[in-house]
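Asker: this one's sequence-less:
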Ligand code: SF4
């Protein structure tokens, strides 16, 4: 089953060529995918695979691992084989690790044009090896490591500088007939980043990996990423996303998924429609919303649950949701699919909502909604 048709749509998706990151299509009409990056030492295979398993469970579709040393490169074959989701090797400075990652069966390799001066004379061999193994390359430009030549030309990491760096690196691969490429042009400033991706989108048809780099601690990074990705995705730009937070990678993944769900680009699972509360609230809305969210976390069917503080908007929102409560006077009217099924005292609201949610989820599963 697909997603419900939205009332209004985003701009049509930019036309990009499609490539395969193992079994995950990126670009073309493929759904926008969510990526994250492990924070473990890659050479610690058990810990890295454990973190990948956690990311997989949280809905991550592609994972990147850093490869700064030979020990990390040596760990790639096992990690690539055992990971449930495609593994991308992230490589700076050392061309030999690019070859190792391709040989190891990594699903793709990310290289940074700003840090690969030593790569330029190796592009021919890299292109040949990547082509032989069907391994795509991400050209990942980053404001913090912009090619010194372009830094001198533009004075700083402007959108034009980021785009020129990416397209220059692409041209080196294209000269050798290699076009299995996706691109990122990341900056910590969403305005620069948005403009860079807009320019890039107009100048090539490669799939684009969106990212606000070094977006900051969780709260700030979440807002910056949501604003930047939202602007671009609403214009149809972006084929895969990575939220960068100074926080555990599972959190990055959850934020990425929430951004896509908010834009109707990924099927919603649990959605809590809760009011901000105000002087009219007759129950503790924050606590109710948190408890309902916690009680239903991991729910795999798309379920909208309304938690409303009073009767002003409560019955209306609760009626629109699959399930809801409109509170008042120390009690909660419980709605299921628009009908009041019962009124319970405040201390039973959460358990009643969770019980009813489980029943609805079971019916949806029986109907095949969660397949
Ligand atoms: Fe205030 Fe009621 Fe609206 Fe909640 S639903 S914000 S309590 S008026």
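Answerer: Ah, there it is. Owing to the predicted nature of the structure, the values given are computational and were not obtained by experimental measurement. Residues are numbered from 1 along each chain as shown.
Asker: tell me which helix or strand of the protein sits lowest on mean pLDDT?
Answerer: Lowest by mean pLDDT, DSSP states H and E among the helices and strands of the chain is helix 314-320, with a mean of 77.
Asker: for that one, the distance to its chain's centre please.
Answerer: In terms of CA atoms, centre = their mean, to the nearest Å, the centre of helix 314-320 is found 31 Å from the chain centre.
Asker: what's the answer for stretch 9-17, then?
Answerer: Distance, centroid of stretch 9-17 to centroid of chain: 17 Å (CA atoms, centre = their mean).
Asker: re the thing from before, just list what the least confident helix or strand of the chain packs against, helices and strands only.
Answerer: Under the contact definition 3 or more CB pairs under 8 Å, 6 or more residues apart in numbering; DSSP states H and E, helix 314-320 sits against strand 303-308, strand 323-328, strand 331-336. From N, CA and C alone the C-beta is placed, and that goes for glycine too.
Asker: Please repeat the previous calculation with a cut-off of 6 Å.
Answerer: strand 303-308, strand 323-328 (3 or more CB pairs under 6 Å, 6 or more residues apart in numbering; DSSP states H and E).
Asker: I'd like those as a markdown table, with distance to the ligand, mean neighbour count and mean pLDDT appended.
Answerer: Conversion of the helices and strands packed on helix 314-320 to a markdown table gives the following (distance: least, CB to the nearest ligand atom, whole Å; neighbours: other CB atoms under 10 Å; pLDDT from 0 to 100):
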| stretch | distance to the ligand | mean neighbour count | mean pLDDT |
| --- | --- | --- | --- |
| strand 303-308 | 5 | 25 | 91 |
| strand 323-328 | 8 | 26 | 88 |
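Asker: As CSV, those with distance to residue 144 would be great.
Answerer: Shown next, in CSV, are those (distance: least, CB to CB, whole Å):
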stretch, distance to residue 144
strand 303-308, 40
strand 323-328, 46
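Asker: And for the least confident helix or strand of the chain, what's in contact with it?
Answerer: 273, 306, 308, 324, 326, 335, 338 (CB atoms under 6 Å, 6 or more residues apart in numbering).
Asker: Under a three-state scheme, what state does residue 10 occupy?
Answerer: Secondary structure state of residue 10, per DSSP: H, G, I helix; E, B strand; the rest coil, is coil.
Asker: Could you count how many residues lie near it?
Answerer: 14 (other CB atoms under 10 Å).
Asker: now it, nearest residue through space, not along the chain?
Answerer: Among residues not flanking residue 10 along the chain, residue 234 sits closest, at 4.9 Å (CB to CB, 6 or more residues apart in numbering).
Asker: burial measure for the one you found, as a count.
Answerer: Other residues close to residue 234 by other CB under 10 Å number 14.
Asker: Now do it against residue 163, distance only.
Answerer: 20 Å (CB to CB, to the nearest Å).
Asker: go on, residue 198?
Answerer: 9 Å.
Asker: what does residue 248 give?
Answerer: 32 Å.
Asker: And the two? Which one has more around it.
Answerer: Of the pair residue 248 and residue 163, residue 163 is the one with more neighbours under other CB under 10 Å, namely 24 against 16.
Asker: For the stretch 201-350 of the chain, just list every one of the strands.
Answerer: Along the stretch 201-350 of the chain, counting by DSSP state E, counting those that start in this stretch, strands occupy 209-210, 240-242, 270-274, 303-308, 323-328, 331-336, 339-345.
Asker: In terms of secondary structure, what does the second one contact?
Answerer: With contacts defined as 3+ CB pairs under 6 Å, 6+ apart, the secondary structure elements packing on strand 240-242 are strand 33-37.
Asker: What mean pLDDT does the strand it packs on get?
Answerer: In this model, strand 33-37 carries a mean pLDDT of 97.
Asker: List the strands paired with it, with their directions.
Answerer: strand 62-66 (parallel), strand 240-242 (parallel) (DSSP bridges).
Asker: residues of it that come out buried?
Answerer: 33, 34, 35, 36, 37 (16 or more other CB atoms under 10 Å).
Asker: before we move on, what about stretch 248-265?
Answerer: Buried-residue list, stretch 248-265, by 16+ other CB under 10 Å: 248-261, 263-265.
Asker: Stretch 48-55 too?
Answerer: Applying 16+ other CB under 10 Å to stretch 48-55 flags 48, 49, 51, 52, 54, 55 as buried.
Asker: what about the stretch 101-250 of the chain, any weak spots by pLDDT?
Answerer: Filtered on pLDDT under 70, the stretch 101-250 of the chain yields the residue ranges 116-120.
Asker: what's next to stretch 85-104, contact-wise?
Answerer: 21-22, 24, 56, 61-64, 66-67, 73, 76-77, 79-80, 106-112, 115, 119, 122, 126, 129-130, 133, 135.
Asker: what's the neighbour count on the nearest residue to residue 289 once chain neighbours are set aside?
Answerer: Excluding its sequence neighbours, the residue lying closest to residue 289 (CB to CB, 6+ apart) is residue 274, at 3.9 Å. Close neighbours of residue 274, defined as other CB under 10 Å, add up to 21.
Asker: ranges for the helices of the protein?
Answerer: Applying DSSP state H to the chain gives helices spanning 45-57, 70-82, 95-103, 123-133, 148-154, 159-174, 190-203, 218-234, 249-262, 285-296, 314-320, 349-366.
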